[in-house]
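Trainee: The amino acid sequence is not available; the structure is as follows:
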C-alpha cells in the first residue's frame with residue numbers, strides 16, 4: 001500500500017477540508033488529497049474534518065492500563081507481550097517491560113518484573129470506570145497473575161492509568 005501512496009511521517013493533521021479535499025498540518029503546510037487512510041479514532045477524525053453528526057456523542061474505545069512492579073512467579077514468561085482473547089479479569093494484553101529491555105529493571109532485581117496490562121472497553125465520550133470498578137479490576141487481575149504464577153507475593157507497585165481516547 002505504501003508504494004502507491006504519499007505518506008507523511010511525523011506530521012500532525014489539524015484540519016481536513018472535505019469540500020476542497022485539503023489537509024492542513026500543524027506546521028501550516030497544506031496538501032491536496034484524493035483518498036485518506038486514517039488510523040485516528042473515529043471521534044477525532046469527525047472533529048478534525050468538522051463533520052456534524054447531528055447526534056449526541058457516540059461510544060469510542062478507551063483503555064485502562066495498569067502497571068505492576070512485582071516479584072516474578074514460577075511460570076513467568078519470556079515473551080515481550082501476549083494477547084489474550086479471554087481473561088477472568090478482562091484484560092486483553094499483557095507486556096513485560098524487562099523482557100523488552102533488561103535495563104527496565106535494575107540488575108540487583110533479577111527476580112523482579114515490571115508488567116503492563118491493558119483492558120479495552122467502550123465508554124461514552126468523557127466517561128470512565130468509577131473508583132470501585134478500578135479497584136475491583138486491579139484486585140482481579142493481580143489474583144489472575146498470581147494464579148497463573150506470573151507474579152509471586154504482593155505487588156510492590158500497582159498504578160492504574162486511564163487513556164480516554166485510545167489509539168489502539
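Mentor: All right, it came through fine. Note that the coordinates shown come from a computational prediction; the quantities given were computed from them, not determined experimentally.

Trainee: CA atoms for contacts and neighbours, from now on please.
Mentor: OK.

Trainee: How about the contacts made by the residue lying farthest from the centre of the chain?
Mentor: Centroid-distance maximum for the chain: residue 20 at 33.5 Å, with Cα atoms, centre = their mean. Contact analysis of residue 20 by Cα atoms under 8 Å, 6 or more residues apart in numbering lists residue 32.

Trainee: Quick check: it is in a strand.
Mentor: No: counting by DSSP: H, G, I helix; E, B strand; the rest coil, one finds residue 20 to be coil, located in no strand.

Trainee: quick one: it from residue 148, how far?
Mentor: Distance of residue 20 to residue 148, given as Cα to Cα, to the nearest Å: 56 Å.

Trainee: Please apply the same query to residue 109.
Mentor: 21 Å.

Trainee: show me where the chain has strands.
Mentor: For the chain, applying DSSP state E gives strands covering 13-17, 22-25, 30-32, 60-72, 81-83, 93-96, 112-123, 151-163.

Trainee: Count the residues that sit near residue 102.
Mentor: Neighbour count for residue 102, taken as other Cα atoms under 10 Å: 12.

Trainee: before we move on, the earlier item: any idea which of the strands of the chain gets closest to residue 6?
Mentor: Closest to residue 6 of the strands of the chain, according to Cα to Cα: strand 30-32, at 10.6 Å.

Trainee: Please parse the chain into its domains.
Mentor: 10-48, 60-163 (automatic domain parsing).

Trainee: Burial-wise, tell me which of those comes out on top.
Mentor: Using mean count of other Cα atoms under 10 Å, the stretch among the domains of the chain with the largest mean neighbour count is domain 60-163, at a mean of 16.

Trainee: What's the mean pLDDT across it?
Mentor: Domain 60-163 shows a mean pLDDT of 89.

Trainee: Now do the end-to-end distance for that domain.
Mentor: Termini of domain 60-163 sit 11 Å apart (Cα to Cα).

Trainee: Repeat that for stretch 73-85.
Mentor: So stretch 73-85: terminal residues 22 Å apart, Cα to Cα.
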